[in-house]
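Predicted coordinates and the sequence they were generated for:
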Amino acid sequence: MDEGLRAHERIRKKKDFLFLYQKGHRVKGKYFNLIYHENNLGYSRLGVVVSRKIGKAVLRNKIKRWVRELFRRNKSRIPFPMDILVVATQGIEGISWQVYREEYFRTLNRIAHREKKN
RNA sequence: UGGAGCAGACGAGGCGGUUGCUCCUUCUGGCUGUUUUAAACCAGAAGGGGAGGAAAGUCCGAACUCCAAAGGGCAGGAUGGUCGCUAACAGCGACUCCGGGCGACCGGAGGAAAGUGCCACAGAGAAUAGACCGCCGAAGGGGAAGCAAAAGCUUUCCUCAGGCAAGGGUGAAACGGUGAGGUAAGAGCUCACCGCCCUGAUGGUGACAUCAGGGGCACGGCAAACCCCAUCCGGAGCAAGACCAAAGAGCCCCCGAAAAGGUGGCCCGCCUUAUGGGGGCGGGUAGGUCGCCAAACCUUCUGAGCAAUCAGAAGGUCAGACAAAUAACCGCCCUCGCUCGAAAGAGCGAGAACAGAAUUCGGCUUACGAUCUGCUCCAACCU
RNA sequence: GGCGCGGUACCCAAGCGGCUAAGGGAGAGGUCUGCAAAACCUCGAUUCGUCGGUUCGAGUCCGACCCGCGCCU
């Protein structure tokens, strides 16, 4: 599996965001919430939301870069093709790259477990 | 050595590699399409570019776009020593005056004799000054004592009529200051010096400076109160705006008067329109494309100018996204800190802070560094 | 990204440059009551988001900064 992140692999349309907010399944985490919904594209797509409450522009960009890096490096951990929306919450501004990575993997595992049951 | 002032550079290590993003150019393949070639799109390869000095705050000024060709007036706003620079500016440079500092240096700047308004409390009086305490009471009035025949004279008291504004006191501010003369006591009443005002001469483009003569003091403060004077400004803003255009719905143009609406806060002016008649097939949402990166540009040199800056020559082109691009990590070297060691050296850690382009420039302001550099001033010590 | 509005006690707020910075709610204490409620009385801002400037004097006028909110695709 490739480790790229091309334009079509990112959620870019306002409609897609609104659809996920309405129909997506939510997983609440300590530092971010994750909204997902399966798609029929054959590949997964990623969207990142970091509001201005989190911090200044430098920090917001850094968080987005972390999220994208983990997504493209670990596409094989995603159980099936879906749209993923990562919404950063207050508290994320203090943590390190390693802590964030652990949290991301744990959240993906939770989704895999939940979907197996269903 | 310590303290201080001003100016300036840099913005963070260097080399190489792996994975990944974005834009440009060239090439290859695919898809679509057609008479054919291509464009666009997708994938790949090669080469190249890829955040800041403040990209920030959005405080000023412009370019650009639309609002009728943005036009006239009012209202409103901005600036404020002088001269210059600039596309423009609340910016920059040089100079002038005033204030602060021992000093390097720093800060301020039109008009208060065009008008209006305000100056609480305190105080006698606060802008056509005023008299609480106080000082005087000379000439005038009254009382007492002495001298004198008398007229009167001398001394003294009253503080009566009145005079004064020196001193006390109030206040942020009290209607020139100091000294001398003068006087009953005083007072620019007079004089000297200082301040102020007026006139003239000289120098300077000018703010202003210097000098000479005169006046006899008049002109309190506040215009970041209204205002006056001079100069400048139409309004919005790239989410401006232009073009293509699914779905859905019908929509548009021409003719004519009143009314309504719009056009910048108002007026003028200008534009549009219901209804009726006639004619025609466009307008525009989602979405897409453009605007969107070569510009008042950067570097070096030469010349003009005290300087800001200007002129010329040569060379360079180095972000262009749109839920929005720089990250994760490895190796070697370098610098710094800590530990071990007699030393050579070894190990560990760190390489930041403020902060992320969003139409583009010129400034201002604010934030920041464990990177530096230069000049200057003051103090102490040494020679 | 651009444009606009606001910040005064715990909350809502008024405030021509001049007295101790109105008022309402909530709170605390008291009066009343057997105890409460209601009513009545009393109390609280060392300072008006922060820092400078103008003025004799600033919550108010003028700058700079901080924070909060709204509108425009």
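Structure received.

in chain A, which ranges drop under the pLDDT threshold?
Applying pLDDT under 70 to chain A flags the ranges A:1-4, A:94, A:118.

can you list the residues of it near RNA strand B?
Chain A has residues A:2-8, A:10-15, A:17-18, A:47-49, A:56-58, A:61-62, A:64-66, A:68-69, A:72-73, A:97 near RNA strand B, with proximity defined as Cβ under 7 Å from any atom of the strand. (Glycine included, C-beta is placed from N, CA and C.)

Mark which of these are buried, thanks.
A:Leu5, A:Ile11, A:Phe17, A:Gly47, A:Val48, A:Val49, A:Trp66, A:Arg68, A:Arg72 (16 or more other Cβ atoms under 10 Å).

Just the ones in helices from these, please.
For those, the ones inside helices are A:Phe17, A:Trp66, A:Arg68, A:Arg72, with DSSP state H as the criterion.

quick one, what contacts the most centrally placed residue in chain A?
Most central in chain A under Cα atoms, centre = their mean is A:Val86, positioned 3.5 Å from the mean C-alpha point. By Cβ atoms under 8 Å, 6 or more residues apart in numbering, A:Val86 lies in contact with A:Phe32, A:Asn33, A:Leu34, A:Leu46, A:Gly47, A:Val48, A:Val49, A:Val67.

from the ones in helices among the buried ones among the residues of chain A next to RNA strand B, which is closest to A:Phe105?
The shortest approach to A:Phe105 among these belongs to A:Trp66, at 13.1 Å (Cβ to Cβ).

isn't that closest one right next to A:Tyr100, touching?
Yes - between A:Trp66 and A:Tyr100 there is a contact under Cβ atoms under 8 Å: 5.9 Å.

burial count for A:Phe71?
Residues within reach of A:Phe71, counting by other Cβ atoms under 10 Å, total 22.

Excluding chain neighbours, give the residue nearest to it in space.
Ranked by Cβ to Cβ, 6 or more residues apart in numbering and with sequence neighbours excluded, the top spatial neighbour of A:Phe71 is A:Leu46, at 4.7 Å.

residues contacting the one you found?
Applying Cβ under 8 Å, 6+ apart, one finds that A:Leu46 lies in contact with A:Leu5, A:Glu9, A:Arg10, A:Ile11, A:Val67, A:Arg68, A:Phe71, A:Ile84, A:Leu85, A:Val86.
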